[in-house]
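K.L.:
how would this look folded up:
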Amino acid sequence: MGFSIPRLYAIIDPERGGGRLPAAAARELLLAGVRLMQIRDKHASARQLYATCLELKEILRDSSCSLIVNDRADVARATQAEGVHLGQDDLPVEKARRVLAPHQWIGRSTHSLEQVVEADRTTADYIAFGPIFPTTSKKNPDPVVGLEGLRQARRTTRKPLVAIGGITLQNVCEVLAAGADSVAVIGDLVGRPDIRARALEFLSALGG
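P.N.:
All right, here's what the predicted structure looks like:
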């Protein structure tokens with residue numbers, strides 16, 4: 001496949017950032033060498049998210065780091081982010097394609113093998129699957145799928161597979177071994193006092 005995804009998928013969420021602004025978190029992640037970030041702000045208005053994305057795009061402008069916008073294909077298009085990540089309650093993948101520019105990516109969240117099968121039939125560039133472990137990043141998380149669920153998902157799709165949910169430095173190698181191409185991390189990364197140092201630890205564990 002032509003699409004490849006970095007092994008570390010950093011998610012910036014102001015709710016989990018210990019009071020840091022998204023721009024501050026992005027700068028630390030960038031200095032560590034992170035090459036893929038998602039901005040997720042469930043409480044921001046479209047205008048607020050647009051402003052945040054513009055700020056992040058400016059920070060990342062001369063880097064090789066890509067920015068993904070959670071949920072909002074319109075904001076991703078307007079800010080020329082590299083792509084959008086869609087949840088099960090967001091636009092269908094093919095409808096989002098009509099909003100985005102041809103080169104922009106689409107990721108799709110899935111929480112069951114049935115949803116993986118459905119996402120595999122779309123033009124989504126990658127599929128996120130989880131939660132792998134219990135997580136506190138969502139108020140009403142979906143049922144834990146576990147490492148065995150991840151192995152089954154790996155057998156179900158050839159698209160790049162991003163594991164998400166409760167992933168920490170302690171379990172990240174198990175997650176890779178179970179078939180993930182990339183790991184999405186929130187709490188054990190942007191929730192840490194020293195984001196840059198933690199990102200470097202993750203990158204080392206993941207082999208870059």
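
K.L.:
What are the contacting residues of stretch 80-95?
P.N.:
Under the criterion CB atoms under 8 Å, 6 or more residues apart in numbering, residues 38, 40, 53, 57, 66-73, 75-76, 96, 99-101, 104-111, 115, 119, 122-125, 128 lie in contact with stretch 80-95. Every C-beta, even on glycine, is put in place using the N, C-alpha and C of the backbone.

K.L.:
for the host helix or strand of residue 51, which positions count as buried?
P.N.:
Counting by DSSP states H and E, the element that carries residue 51 is helix 46-59. Applying a neighbour-count criterion of 16 or more other CB atoms under 10 Å, one finds 49, 50, 52, 53, 55, 56, 57, 59 buried in helix 46-59.

K.L.:
Please compute how far it lies from its chain's middle.
P.N.:
Relative to its chain's centre, helix 46-59 lies at 17 Å (CA atoms, centre = their mean, to the nearest Å).

K.L.:
by contact count, what packs against that helix?
P.N.:
helix 22-32, strand 36-39, strand 66-70, helix 73-79 (3 or more CB pairs under 8 Å, 6 or more residues apart in numbering; DSSP states H and E).

K.L.:
now the angle between helix 22-32 and it, please.
P.N.:
On the basis of axes from the mean of the first three to the mean of the last three CA atoms, to 10 degrees, helix 46-59 is oriented at 30 degrees to helix 22-32.

K.L.:
Send over helix 46-59 as PDB, restricted to the C-alpha atoms.
P.N.:
What follows is the C-alpha trace of helix 46-59 in PDB, where atoms were taken according to Å, rounded to 0.1, in the frame of the first residue of the first chain:
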ATOM      1  CA  ALA A  46     -15.800  25.000  15.100                       C
ATOM      2  CA  ARG A  47     -14.300  28.400  15.200                       C
ATOM      3  CA  GLN A  48     -12.100  27.600  18.300                       C
ATOM      4  CA  LEU A  49     -10.900  24.400  16.700                       C
ATOM      5  CA  TYR A  50     -10.100  26.200  13.500                       C
ATOM      6  CA  ALA A  51      -8.000  28.700  15.400                       C
ATOM      7  CA  THR A  52      -6.200  26.000  17.200                       C
ATOM      8  CA  CYS A  53      -5.500  24.000  14.000                       C
ATOM      9  CA  LEU A  54      -4.100  27.100  12.300                       C
ATOM     10  CA  GLU A  55      -1.700  27.600  15.300                       C
ATOM     11  CA  LEU A  56      -0.600  24.000  15.200                       C
ATOM     12  CA  LYS A  57      -0.100  24.100  11.400                       C
ATOM     13  CA  GLU A  58       2.200  27.100  11.900                       C
ATOM     14  CA  ILE A  59       4.200  25.300  14.500                       C
END
